[in-house]
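1. can't give you the sequence, but here's the structure:
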């Protein structure tokens, strides 16, 4: 749920369906879906199902925001809300914001919205407090949703079929995990039409009685609604590097790794093929990798080139990957543009390696399949730090062009990244026949292959102070992350979205004493927060204990 500028967001209010709404004395309430108030988007009381509740789950799924317009006067009560936050919180600690109510009468509906800085806090859950106990009513959650990429959460629930809440108690608990050092103070917002902007510390709470009338309340000034998040001695820092899409994520990775760059590598973002061999050249040129759609230069790329003070742009791939129009446009803006490509993915990797050979000498190459991305990218950051190119193969037999390049460069060793299904044992036999030793590194899956490649190259990271994590389930985030890891001289690991392999955790624990930072590439759709937290906890367990 992204809170975008310039878009009018209506409040996520109470869906309060109670028998009194069906009486002739109360005008039927209207529920507006999305921001369009045309008649087609109105749901009236006649649309109630047999349980007296409008089934809005499909609407919530698609639109996320619902407004209940209740006619009549505001319910005047002497209610008070107390918002409590622990004053001192430690980074990576889980804590709770408690919302308590007192002096309330016949409360049947609760709606909550909150925005926060996702680089400081990550929402974990919203749960009900004890004030809902003993009413004899059925509690129905209409919305329970949080978006840690945007830094926003929404919650709404109603009571049906019994009494409302009268008196006091805890309404809601908001559970957070602190992920960054900061100071924040929550600002209550009372205007139901006000936009809660991304990155702000705003909280809007709406209450309604049995007649669908909003309940007025005061905020207690005796409660603590501010907190400072302190670092834990020895604990690591960790950030997510993510944008709205793959192109923005690559730009964010560039910003994190490079204050300036004379050279930039540009490749198409619609396929991974040309970028598989990019990391060693990226490190040699000290050039970030940026992505663009094939036919039109992504607008953010120009802004990043200007920020970096770039003079040279190296386009990886043919004109189908990055069009000639883009190349000509960059030239017209005064950039020196060089296109590096071959007739296919195998020959493109050879051309990239040839360009690398002009910058740095090497006698070892890494060979991986060019028809999937995990093995090549798992090895790319490691190979880059040794100045070793990534060469691609179709996997069945050693291509003539590869054999010719290997012999021309006087290569002494070939490292095969990936199992026999990716790179055939036949290739090992062919290499042996020309007197060239090879060594294969792989695991049972892409995640274990990633770990074992990093273990193999372990000495390359003797001075590395961090680690970069990216999803192994899609390639765009990996493209951006691998060049950043190569720049930093850090291990680069592939992990699943929702869990982490035991061997990966063991490796991270092993290198934990030297780790001070962890970069997670991509949003929660790539690596879930729960997985992120488990990785950080495993590293901190070693670091803080020491």
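-> Ah, there it is. Because the structure is a prediction, the values reported are computed rather than measured.

2. List the buried residues in the helix or strand where residue 347 lies.
-> Residue 347 belongs to helix 345-359 when assigned by DSSP states H and E. The neighbour-count check on helix 345-359 (16 or more other CB atoms under 10 Å) flags 345, 346, 347, 348, 349, 350, 351, 352, 353, 355, 356, 357 as buried. Glycine gets a C-beta too; all of them are placed from N, C-alpha and C.

3. Can you list the residue ranges for strands in the stretch 251-400 of the chain?
-> 263-268, 289-292, 312-316, 336-340, 364-369, 390-393 (DSSP state E, counting those that start in this stretch).

4. Spit out the contact partners of residue 168.
-> 100, 101, 102, 103, 104, 131 (CB atoms under 8 Å, 6 or more residues apart in numbering).

5. hmm, back to that, would a markdown table of the buried residues of helix 345-359 with distance to residue 278 be doable?
-> A markdown table is the format used below for the buried residues of helix 345-359 (distance: CB to CB, whole Å):
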| residue | distance to residue 278 |
| --- | --- |
| 345 | 12 |
| 346 | 15 |
| 347 | 15 |
| 348 | 10 |
| 349 | 10 |
| 350 | 14 |
| 351 | 12 |
| 352 | 7 |
| 353 | 11 |
| 355 | 11 |
| 356 | 10 |
| 357 | 15 |
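
6. Which one of the residues you listed is nearest to residue 399?
-> residue 346 (5.4 Å; CB to CB).

7. mind checking how far that closest one is from residue 308?
-> Residue 346 is 31 Å from residue 308, where distance means CB to CB, to the nearest Å.

8. burial of the closest residue to residue 98 other than its chain neighbours, as a residue count?
-> Closest residue in space to residue 98, ignoring its immediate chain neighbours: residue 84 at 4.5 Å, by CB to CB, 6 or more residues apart in numbering. By other CB atoms under 10 Å, the residues close to residue 84 number 16.

9. Residue 84 against residue 100, yeah?
-> Yes: when contacts are counted by CB atoms under 8 Å, residue 84 is listed as touching residue 100 (7.1 Å).

10. any idea which helix or strand carries residue 478?
-> helix 476-488.

11. distance between that helix and the chain's centre?
-> In terms of CA atoms, centre = their mean, to the nearest Å, the centre of helix 476-488 is found 15 Å from the chain centre.

12. Likewise for stretch 351-365?
-> Worked out by CA atoms, centre = their mean, stretch 351-365 lies 34 Å from the chain centre.

13. what's the first-to-last distance across that stretch?
-> Stretch 351-365 has an end-to-end distance of 14 Å (CA to CA, to the nearest Å).

14. and what of stretch 358-374?
-> Stretch 358-374 end-to-end distance (CA to CA) = 27 Å.

15. same thing with stretch 307-324?
-> 24 Å.

16. buried stuff in it?
-> 308, 310, 313, 314, 315, 316, 317, 318, 321, 322, 323.

17. Any chance of those in TSV with pLDDT and distance to residue 302 as columns?
-> Formatted as TSV, the buried residues of stretch 307-324 follow (pLDDT from 0 to 100; distance: CB to CB, whole Å):
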residue	pLDDT	distance to residue 302
308	98	11
310	98	10
313	98	11
314	98	16
315	97	15
316	96	18
317	95	19
318	94	22
321	94	19
322	96	14
323	96	16
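
18. Which pair of the residues you listed spans the longest distance?
-> Using CB to CB, the pair of the buried residues of stretch 307-324 lying farthest apart is 308 and 318, separated by 25.0 Å.

19. State the number of residues packed around residue 506.
-> Residue 506 has 11 nearby residues by other CB under 10 Å.

20. same deal with residue 468?
-> Count around residue 468 with other CB under 10 Å applied: 28.

21. Quick check: phi and psi at it.
-> phi -110, psi 130 (degrees, to the nearest 10).

22. Quick one: residues contacting the closest residue to it other than its chain neighbours.
-> Closest residue in space to residue 468, ignoring its immediate chain neighbours: residue 485 at 4.0 Å, by CB to CB, 6+ apart. Contact analysis of residue 485 by CB under 8 Å, 6+ apart lists 381, 467, 468, 491, 492, 519.

23. mind checking how far residue 485 is from residue 365?
-> Using CB to CB, residue 485 is found at 19 Å from residue 365.

24. cool, residue 484 as well?
-> According to CB to CB, residue 484 and residue 365 sit 23 Å apart.

25. Between these two, which has more neighbouring residues?
-> Taking other CB under 10 Å, residue 484 and residue 365 do not tie; residue 484 has more neighbours (28 against 24).

26. related to what we said a few turns ago, tabulate the strands of the stretch 251-400 of the chain in JSON lines, adding columns for distance to residue 185.
-> Listed next are the strands of the stretch 251-400 of the chain as JSON lines, based on distance: least, CB to CB, whole Å:
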{"stretch": "strand 263-268", "distance to residue 185": "40"}
{"stretch": "strand 289-292", "distance to residue 185": "38"}
{"stretch": "strand 312-316", "distance to residue 185": "45"}
{"stretch": "strand 336-340", "distance to residue 185": "49"}
{"stretch": "strand 364-369", "distance to residue 185": "51"}
{"stretch": "strand 390-393", "distance to residue 185": "49"}
